[in-house]
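Colleague: what follows is a predicted protein model with its sequence.
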Amino acid sequence: MQRGLVGIAGAAVVSGVGFFVLKRITGLGLSLPDVVLAATVATLVLAAAGTGFAVLALVHARQARQEIARLARSVDAAMQAVKTAGDSRSISIGAPAADAALAEPAGHAAAAEAQAVQAKIIALAAALPGEKAAPNGRRH
């Protein structure tokens, strides 16, 4: 949000500077078609830059959506494991990570993603009050 506002402010500054530059150029006696051509080129360059930033924002939004969906699947798998285990202290750390990896759409499941999910679950399990987790994820 802040970057967008800075971008808008930058565009406003560029437009204001452009206005005063064009006013100065017309005062120097350049022909009107040359001034219009320069203004058109400047406008097209700004439009191309804006389109590029919009595409980048779209790509980042799509990546964020995929990451949130992946996190939701891993949390859902962990909740299902806790629900089926009956006792929350009897489940193993590897089981929710494996379930989350299986919940991935076909062709997207990878060992690196499964390890990332397992690392998140280990970090969440380590934060449980009154328990200590070893670096390998096993309880003491």
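Modeller: Looks like it came in fine.

Colleague: so which residues of this structure form helices?
Modeller: Here the chain has its helices, by DSSP state H, at 2-27, 32-85, 94-102, 111-126.

Colleague: need the least confident one among those helices, by mean pLDDT.
Modeller: Among those, helix 94-102 carries the lowest mean pLDDT, a mean of 54.

Colleague: how many neighbours does residue 113 have?
Modeller: Using other C-beta atoms under 10 Å, residue 113 is surrounded by 16 other residues. Using the backbone N, CA and C atoms, a C-beta is placed for each residue, glycine as well.

Colleague: thought it was touching residue 73?
Modeller: No. Counting by C-beta atoms under 8 Å, residue 113 stays clear of residue 73, with 10.5 Å between them.

Colleague: re the thing from before, just name the most buried of the helices of the chain.
Modeller: helix 94-102 (a mean of 20; mean count of other C-beta atoms under 10 Å).

Colleague: for residue 18, which residues are in contact?
Modeller: Going by C-beta atoms under 8 Å, 6 or more residues apart in numbering, residue 18 touches 39, 42.

Colleague: give me that answer again for 10 Å
Modeller: Residues near residue 18 by C-beta atoms under 10 Å, 6 or more residues apart in numbering: 38-39, 42-43, 46.

Colleague: okay, these in a markdown table with distance to residue 13 next?
Modeller: Supplementary listing: these in a markdown table, determined by distance: C-beta to C-beta, whole Å:
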| residue | distance to residue 13 |
| --- | --- |
| 38 | 18 |
| 39 | 16 |
| 42 | 13 |
| 43 | 15 |
| 46 | 12 |
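
Colleague: distance of the residue nearest to residue 50 when sequence neighbours are not counted from residue 46?
Modeller: In space, and not counting its chain neighbours, residue 50 is closest to residue 11: 7.7 Å by C-beta to C-beta, 6 or more residues apart in numbering. For residue 11, the distance to residue 46 equals 7 Å [C-beta to C-beta, to the nearest Å].

Colleague: determine which two of the contacts of residue 18 are furthest apart.
Modeller: The span of the contacts of residue 18, defined through C-beta to C-beta, is set by 38 and 46 at 12.8 Å.
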